[in-house]
Each structure stands twice: as C-alpha cells, then as structure tokens.
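> turn this into a structure:
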Amino acid sequence: MMGAVAGRATMDNVWLDLPGHSSGKVRESWELPGQKRLLVTTDRLSAFDRVIGTVAHKGQVLNQLAAWWFALTADIVPNHVVEIPDPNALIAIDAQPLPVEVVVRGRLTGSTSTSVLPRYLAGERVLYGYRLPDGLEPHGPLPEPLITPTTKAEKGGHDQPITVDDVASTGLVEPGLWTEIQKVALELFRRGTEVAAGAGFVLADTKYEFGLAPDGTLLLIDEVHTPDSSRFWAVDSLTERLASGRGPESFDKEPVRLALKEIGYTGEGAPPELPGSVLDAASSRYVELYERLTGRVFEPGAQPAEDRLRANLAHILEGSA
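Numbers count the residues shown, from 1 in each chain. Sure thing, here's the model as predicted:
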C-alpha cells in the first residue's frame, strides 16, 4: 500500500484558457461547449468553511474515487459524468443543482449543531421529523437510515437543517421528484454500506447532491462516497475505541481536525501552518481508503498537474481557442 510521498502538487495555480471559470474550496470549474463543464479537483483542504492548506494526492483520490463510485451506482441513478480525461478532472453534464443537500445517516454520531448525537444526548427525541427511541448508543446504528436534508449554503454561510416534509412543502423540490430522490438516496446508501463493509469500513453517514440535466433528467452530481462527502470508520478498531471512550477512527482529514483542536484553532484569523507529518497522515488516510475500497493501487500522476491537464485536454483547448 502506498503512503504519502514528499512534494505536494497543490494545483492551486491551474488556470486553463476556457470561459466560465469558477473556483470553490476544493474544485475549479470551467464551461465547455455542448452544455458541459470541466471539473478539476485540487489538493486544497477545507475546514471551518475556508481553505486551510493542501494534502498531497487528495485531489486525485477524490476524483478517482468518486468516478469509481459513479460507475458502481449508475444502475441506481444516472450521474453527470461524461468523460474522465485526467486523474484530477472529469467532464460533466452542466446540470442545474437542486437547492437541497441530501444527508443520509446510518449511525448516531456527529459533533456539529446539525448532527443527531449532540441533540439526542441533550434529550431531543424528534430530529428532522423522525422520532428516535430511548437507549440508543453513541456512534451505534440508528434503527434505520435517516434522510436529514439541509438547504445548500450560500457562499460564506452554513447549511440549514430542514425536515423531510419541509423540502416539498416549502417548494424547494417538487413533491414527486422529492419522493424519487429519497428512494434513490436510500438505495445509494444501502449500496455504499455494503461495499464499505466488504472493505472493512462502516459508512456512518454521507451527503448526496442531485441536479437536473438540461432535458430534466435527475442526475447524481458533485462527488459520491468520498472522504470529503462521507464518514468512513475502520471496523477493526471500532469496538476497542468505543469501549475505551474514544471516538471512531475516521478515514478522512481526521489527523488535521485533531491537530487544529490541539492548537486551539476555531476558524478565526489566519489558519495555522500545519506540520508536514499531520498533512502526510491525512494523505495516507485518503490513499488507504481509496485502495481498500477499490482494490486498486493508487498511482499519482508524475507530471506537474497543470502540464498534464493541458496535454490531456488539448482537444478541448484547441476547440475553444
């Protein structure tokens, strides 16, 4: 299994000669002819709704893992992928995102104000419109997976939790479409849970984003079942960690979260410069999750990211000149 290597290709300077550029926290996007978009996943790392650094290979892991999951779940719902021209990039249908993020939770866990565990421990039993029984164990399984939607955050804002009934009653999504989305989300989560279990992981919860193609077709968009959109726990350490009072071992940017907590950083002011050992530990987690889930050996691109992208996308760049 391959771990982190020296040198961090951040892709922060990627700039292609294409129109309609927009930049997110971890992704760059450009318009393409034929109602398509080029999406490039970077190594940027976000926390507290801001970029706080870079993690080696993160962009390629997220892009390749999402592409793998898209192919694995295409029998459940069509997705927006048209072509995967580069380890860091995909060409997607320029779908219109729906204004709801569909979070599916299989475990009583989490630490934020929108999570079920803190509210449950505070005595709440009706969460997101569901009534939960007494006696559930922290980080243990919920009686059944719960769909806990949120509105999509405006730039600089936060997602707002809403109930399943609110989505249709407030007009965010047409009722018939919302019924279809809930069915699809639960089926995606079931598939993700089964595949994760086969690789020695618990899929604790995940976020799905949906959009409409230009012809109105429902599409799964953004990314799916990656360390940035899902919470994966290692089964081999779960029982021991919970018995000792520690939280589950998450295969994502957990080393960074712990380092920020130890430093006392809460998102105010300039992000601290994190030690290379912390960033390498996070990189190793991303790579290990990819390799265990897919059964593939992760092989990062050797060329500088921008050079590789320009070579792989030459036919698009020439056609848009």
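
> alpha carbons of stretch 59-76, as CSV, please.
What follows is stretch 59-76, C-alpha atoms only, in CSV (Å, rounded to 0.1, in the frame of the first residue of the first chain):
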residue,chain,number,x,y,z
GLY,A,59,-7.4,15.8,-5.5
GLN,A,60,-6.7,12.7,-7.4
VAL,A,61,-8.1,10.4,-4.7
LEU,A,62,-11.4,12.4,-4.6
ASN,A,63,-11.7,12.5,-8.3
GLN,A,64,-10.9,8.9,-9.0
LEU,A,65,-12.8,7.5,-6.0
ALA,A,66,-15.9,9.5,-7.0
ALA,A,67,-15.6,8.3,-10.6
TRP,A,68,-15.4,4.7,-9.4
TRP,A,69,-18.5,5.1,-7.2
PHE,A,70,-20.4,6.9,-10.0
ALA,A,71,-19.8,3.8,-12.2
LEU,A,72,-20.7,1.4,-9.4
THR,A,73,-24.1,3.1,-8.8
ALA,A,74,-25.1,4.0,-12.3
ASP,A,75,-27.7,1.3,-12.2
ILE,A,76,-29.5,3.1,-9.4
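
> compute the distance between the residue nearest to the spatial centre of the chain and residue 149, please.
For the chain, residue 229 is the residue whose C-alpha lies nearest the centre (CA atoms, centre = their mean; 2.0 Å). Taking CB to CB, to the nearest Å as the measure, residue 229 falls 15 Å from residue 149. The way it works is simple: take the backbone N, C-alpha and C, and place the C-beta from them, glycine included.

> got it, and residue 267?
In terms of CB to CB, residue 267 sits 25 Å off from residue 149.

> any stretches of the chain with poor pLDDT?
By pLDDT under 70, the weakly predicted segments of the chain are 1-13, 153-159, 317, 319-321.

> for it, just list every one of the helices.
Taking DSSP state H, the helices of the chain run over residues 58-72, 116-121, 164-169, 175-198, 235-243, 254-263, 276-294, 305-312, 314-319.

> which parts of the fourth one are buried?
Going back to what we said before, that points to helix 175-198. Buried residues in helix 175-198, counting neighbours by 16 or more other CB atoms under 10 Å, are found at 177-178, 181-182, 184-186, 188-189, 191-193, 195-196.

> tell me which two of those residues sit farthest apart.
Using CB to CB, these span at most 27.7 Å, a distance reached by 177 and 196.

> what lies in contact with stretch 63-72?
Here stretch 63-72 makes contact (CB atoms under 8 Å, 6 or more residues apart in numbering) with 41, 79, 81, 84, 87-90, 191-192, 195, 220, 223-227, 289-290, 293-294, 298.

> can you rerun that using 6 Å?
Applying CB atoms under 6 Å, 6 or more residues apart in numbering, the external contacts of stretch 63-72 come out as 41, 79, 81, 84, 87-88, 223-226, 290, 294.

> what comes up buried for that stretch?
63-70, 72.

> which one of those is nearest to residue 216?
Looking across the buried residues of stretch 63-72 and measuring by CB to CB, the closest to residue 216 is residue 70, at 20.0 Å.

> follow-up on the earlier one: same drill for residue 267 and residue 149, tell me which one is more crowded.
Neighbours per residue, other CB atoms under 10 Å: of residue 267 and residue 149, the larger number sits with residue 149, 28 against 11.
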